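In: no letters, just coordinates:
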């Protein structure tokens, strides 16, 4: 996580890599789980509120799997105490 120096609120850049375990399921077929390398990059903002902080972030995730890839972009909103 890398914070950006902007007064009033706290934007940040975030990224990482890891091992993902996607599972494929279909009716009448045994589910399949495999390990695959993946990475993510995104941005967010922390907003100071009275007694706690709120945040919102979005991350681009890419998982490499057998010559193809899976991509998703979750958006997270929450509070920190």
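Out: Noted; the coordinates are in hand. Not measured: the values here are computed from a predicted model.

In: OK, contacts around the residue located most distally from the centre of the chain?
Out: Farthest-out residue of the chain from its mean C-alpha position, per CA atoms, centre = their mean: residue 28, at 31.5 Å. Not one residue lies near residue 28 by CB atoms under 8 Å, 6 or more residues apart in numbering. Just so you know, the C-beta spots here come from the backbone N, C-alpha and C atoms, and that holds for glycine as well.

In: and it, what's its pLDDT?
Out: pLDDT, the model's per-residue confidence, is 89 for residue 28.

In: which residue packs closest to residue 70, ignoring adjacent ones?
Out: Excluding the flanking residues, the one nearest residue 70 by CB to CB, 6 or more residues apart in numbering is residue 63, at 4.5 Å.

In: please compute how far stretch 15-33 lies from its chain's middle.
Out: 17 Å (CA atoms, centre = their mean, to the nearest Å).

In: rewinding a little: cross-check the contact I'm expecting between the residue nearest to residue 70 and residue 20.
Out: Yes. Residue 63 lies in contact with residue 20 (CB atoms under 8 Å); the separation is 4.8 Å.

In: so which strand or helix has the residue nearest to residue 70?
Out: Residue 63 is located in strand 52-65, with elements delineated by DSSP states H and E.

In: partners of the next helix or strand after that strand, with directions?
Out: Per DSSP H and E, the first helix or strand lying C-terminal to strand 52-65 is strand 68-72. Here strand 68-72 has these sheet partners by DSSP bridges: strand 52-65 (antiparallel).
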